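Asker: predicted model follows, preceded by the sequence.
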Amino acid sequence: MTGIPEVGAAAPDFCVHDQDAKDICLTDYSGKWVVLYFYPKDDTPGCTKEACQFSEELAEFRGMNAEVIGVSPDSIGSHERFIVKHALKIQLLSDTKREILQKYGAWREKKLYGKTSLGVVRSTFLIDPDGKIAHVWPNVKVKGHVDAVKTVLAEKRG
């Protein structure tokens with residue numbers, strides 16, 4: 001486990017498969033804003049709501065020169081089914097080895113029903129067009145989150 005990257009630091013690079021088994025690297029988005037969000041599991045209530053909200057607002061994000069990318073430890077096939085079932089428009093990356101999750105500090109201890117275990121902590125990172133961390137949401141609650149991200153993105157863009 002590594003710590004959460006700080007605002008102003010270079011965003012940790014990665015290259016993994018998306019839902020179409022296509023290699024996706026952070027450097028592919030050079031010159032764009034990136035909303036990189038980490039979520040625990042496809043097709044669970046909170047994760048579905050978050051993915052649907054990001055999908056619904058994707059045109060607005062793209063209008064601000066931003067792409068939205070979701071990351072979870074689910075398989076490519078799971079992502080593909082999740083996208084089809086909910087008509088998602090966002091890109092989902094399959095981090096089955098938890099490498100990106102660890103680089104961004106989203107794989108960490110969490111408590112659930114009094115038990116402590118390692119798992120995905122819902123987190124979001126706003127990465128600027130130069131590849132630097134512009135804002136961090138380390139413990140996301142789904143309600144109102146997409147709007148909060150849009151607000152910060154609009155402020156950071158100037």
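Answerer: Arrived safely.
Asker: separation between I69 and K110?
Answerer: Applying C-beta to C-beta, to the nearest Å, the value for I69 to K110 is 22 Å. C-beta here means a position set from N, CA and C on the backbone, and glycine is covered the same way.
Asker: looking at the two now, which is surrounded by more residues?
Answerer: I69 (22 against 15; other C-beta atoms under 10 Å).
Asker: for the more buried one, give me its contacts.
Answerer: Listed by C-beta atoms under 8 Å, 6 or more residues apart in numbering, the contact partners of I69 are 24, 34-37, 90-93.
Asker: okay, and which of those map to helices?
Answerer: Using DSSP state H, no member of the contacts of I69 falls in helices.
Asker: in CSV: the residues you listed, plus pLDDT and distance to I83.
Answerer: Converted to CSV, the contacts of I69 look like this (pLDDT from 0 to 100; distance: C-beta to C-beta, whole Å):
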residue, pLDDT, distance to I83
I24, 96, 14
V34, 98, 19
V35, 98, 17
L36, 98, 17
Y37, 98, 15
I90, 97, 8
Q91, 96, 9
L92, 98, 7
L93, 97, 12
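Asker: I'd like to know which of those is nearest to F54.
Answerer: Using C-beta to C-beta, I90 comes nearest to F54 of those, at 5.1 Å.
Asker: excluding chain neighbours, give the residue nearest to the closest one in space.
Answerer: If the residues on either side of it in the chain are set aside, I90 comes closest to V68, at 4.7 Å by C-beta to C-beta, 6 or more residues apart in numbering.
Asker: the one you found in helix, strand or coil?
Answerer: For V68, the assignment made with DSSP: H, G, I helix; E, B strand; the rest coil gives strand.
Asker: ok, now how distant is it from R108?
Answerer: Going from V68 to R108 by C-beta to C-beta gives 23 Å.
Asker: quick one, which of these two is more surrounded?
Answerer: Per other C-beta under 10 Å, whichever of V68 and R108 has more neighbours is V68, with 23 against 17.
Asker: now do the contacts for the more buried one.
Answerer: Per C-beta under 8 Å, 6+ apart, neighbours of V68: 34-35, 37, 54, 58, 61, 90-91.
Asker: hmm, back to that, can you tell me which of the contacts of I69 are in strands?
Answerer: Under the assignment DSSP state E, the contacts of I69 contribute 24, 34-37, 91-93 to strands.
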